[in-house]
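1. Sequence isn't available, so here's the structure alone:
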DNA sequence: AAACAATGACTGACCAGTCGGTAATTATGA
DNA sequence: TCATAATTACCGACTGGTCAGTCATTGTTT
């Protein structure tokens, strides 16, 4: 499975050679076919397994602190995950093969994207209820904030080409978090003093 | 070139068959080799040409109005471009083949990403100078805002899988623009009354 | 000796790239 | 004006190599 991840990651589904995967795994090509019906099955299974391992590694609790602190912690974790080699590879392969494996894509969205978004959304909800964040649709806000991190992670993972837009990971994390929190903060609330009287102005 | 765009777009570089491209273009395979040394050259040339055509189509002026209105117009245009089939395909292919064609990637970043970012950055700069936007690094803000649009465009272009996160394009545009403007607005300025006394609080 | 696990040579399909040939167009010259 | 030559544009059968998937064989365990 690791071998499949490496070879598929390097060359993509179409250009990867089963024999290379076998060699890297220390087995012969025939052995692969004892466990997988064909190349595509090995591919999708590899994606699934890698995503699951990544999710398990990422499972965290964001209990303590006010919503802002929770959100900061959440996005710190997200940023770490998105910058891992596993995400980089899985994301690239998924986006490319999406049309060829629609059911895999649906599974990914359900198990990964939606799950992550719901977590962020619930934190934001709490922040809105407490008056720290402005009145806004938490799902929408979570979605948009998530988008910030995904694209920046892609850039960060491709430093060579995206040097212009990919700075120091910690600095970028800080910038993104600040940006998102600014967008969320209720107009009257100040960063250090969460409580405020008025709610968001419009919508 | 159009045929190459369609076939490469459908199957990717590795899985695309030159004969299919030839057929779609209404010529024979041999003819392709009269104009391109090999498959890769056809691929990179196709990307370049498509990007250039897209840029030319996108060249707009954002002269009138206050920075907020300019930014709104800018992002409306960006959103349109990102949602075009050309962008969807080029972006997907670029991201996937980035490692195999580093110089193409650099060219893309220079000619497309950086150019777009600089435009947004200059508008934001003006907004900061006018006190409408808070004190912040305009390059950083432009980068982060851009990220919002890119990921959401990818989602929007893959409605089938990302139905959960991809809403009505116009609504999403509105949501993203609002989000970004909220993140940019100086704490004291209200949406409808740009001018204010105090500047951004920190950083 | 039976059951299981693994092998790697082999097959058949596929396809990038070649090249000898054909058709269409233009140039030349009487 | 028309035959002929020269040039250009194009074709598609062919080659050589690659590789997914198979299966008869070999090794290993029970």
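-> Cool, got the structure. Here the structure is a predicted model, which is why all the values come from computation and not from measurement.
2. From now on I want contacts and neighbour counts done on CA atoms only, so please keep to that.
-> Fine.
3. can you tell if the one helix or strand residue A:69 maps to touches chain B?
-> Taking DSSP states H and E as the criterion, the element that holds residue A:69 is helix A:67-82. No. Counting by Cα under 8 Å from any Cα of the partner chain, no contacts exist between helix A:67-82 and chain B, the nearest distance being 13.5 Å.
4. quick one: the helices in chain A?
-> Listed in chain order, the helices of chain A (DSSP state H) span residues A:2-15, A:18-25, A:29-35, A:39-58, A:67-82, A:85-97, A:102-108, A:114-129, A:138-157, A:159-162, A:169-184.
5. I'd like the mean pLDDT over the helix holding residue A:69, please.
-> Per-residue pLDDT over helix A:67-82 has a mean of 95.
6. Please point out which parts of that helix sit buried.
-> Buried positions in helix A:67-82, judged by neighbour count with 16 or more other Cα atoms under 10 Å in any protein chain shown: A:67-68, A:70-76, A:78-82.
7. Show residues contacting that helix.
-> Helix A:67-82 is contacted from outside by A:54, A:58, A:62-64, A:87-88, A:120, A:123-124, A:126-127, A:132, A:149-150, A:153, A:173, A:177, A:181, using Cα atoms under 8 Å, 6 or more residues apart in numbering or on different chains.
8. Can you give me the distance of the residue sitting nearest the centre point of chain A to DNA strand D?
-> The centre of chain A sits closest to residue A:82, judged by Cα atoms, centre = their mean, with a distance of 4.8 Å. With distances defined as Cα to the nearest atom of the strand, to the nearest Å, the gap from residue A:82 to DNA strand D amounts to 29 Å.
9. and what of residue A:65?
-> As for residue A:65, its distance to DNA strand D is 51 Å (criterion: Cα to the nearest atom of the strand).
10. what's the burial count for that residue?
-> Taking other Cα atoms under 10 Å in any protein chain shown as the neighbour definition, residue A:65 ends up with a count of 10.
11. same thing with residue A:124?
-> Burial of residue A:124, expressed as a neighbour count using other Cα under 10 Å, amounts to 26.
12. Hmm, it is touching residue A:138, no?
-> Yes. Contact status for residue A:124 versus residue A:138: in contact at 5.7 Å, counting by Cα atoms under 8 Å.
13. Can you name the residues that contact the nearest residue to residue A:151 once chain neighbours are set aside?
-> Computed as Cα to Cα, 6 or more residues apart in numbering or on different chains, the closest residue to residue A:151 that is not its neighbour in sequence is residue B:147, at 5.1 Å. Contact criterion Cα under 8 Å, 6+ apart gives A:147-152 as the residues in contact with residue B:147.
14. what's the distance between the residue of chain A found nearest chain B and residue A:135?
-> Residue of chain A nearest chain B, by Cα to the nearest Cα: residue A:183 (3.8 Å). Distance, residue A:183 to residue A:135, using Cα to Cα, to the nearest Å: 11 Å.
15. Residue A:51 now?
-> With the distance defined as Cα to Cα, residue A:51 ends up 34 Å from residue A:135.
16. Repeat that for residue A:95.
-> Summarising the geometry, the distance separating residue A:95 from residue A:135, computed by Cα to Cα, is 33 Å.
17. Look at those two and report which has more neighbours.
-> Counted by other Cα under 10 Å, residue A:95 and residue A:135 do not tie: residue A:135 has more neighbours, with 20 against 17.
18. Is the more buried one in contact with residue A:186, as I believe?
-> Yes. Under the criterion of Cα under 8 Å, residue A:135 lies in contact with residue A:186, with a separation of 7.3 Å.
19. Straight-line length of stretch A:57-65, end to end?
-> One end of stretch A:57-65 sits 22 Å from the other (Cα to Cα).
20. Now do that stretch: everything it contacts.
-> So stretch A:57-65 is contacted by A:70, A:73-74, A:77, A:81 (Cα under 8 Å, 6+ apart).
21. Check what contacts stretch A:148-158 and list those residues.
-> Under Cα under 8 Å, 6+ apart, the answer for stretch A:148-158 is A:78-79, A:82-83, A:85, A:88, A:162, A:165-167, A:169, A:176, B:144-145, B:147-148, B:150-151.
22. Also near DNA strand C: which of those, exactly?
-> Cross-checking the contacts of stretch A:148-158 against DNA strand C (Cα under 7 Å from any atom of the strand) gives no overlapping residues.
23. Can you tell me the number of residues neighbouring residue A:133?
-> Summarising burial for residue A:133: neighbours were counted as other Cα under 10 Å, giving 28.
24. what's near enough to touch it?
-> With contacts defined as Cα under 8 Å, 6+ apart, the neighbours of residue A:133 are A:124, A:127, A:184-186.
25. ok, the closest residue in space to residue A:139 that isn't next to it in sequence - how many residues close by?
-> Counting by Cα to Cα, 6+ apart, residue A:139 lies nearest to residue A:121, which is 5.3 Å off, once chain neighbours are set aside. Other residues within reach of residue A:121 by the criterion other Cα under 10 Å amount to 20.
26. that older thread, neighbour-wise, which one of the contacts of residue B:147 leads?
-> Among the contacts of residue B:147, the one with the most neighbours (other Cα under 10 Å) is residue A:152, at 29 neighbours.
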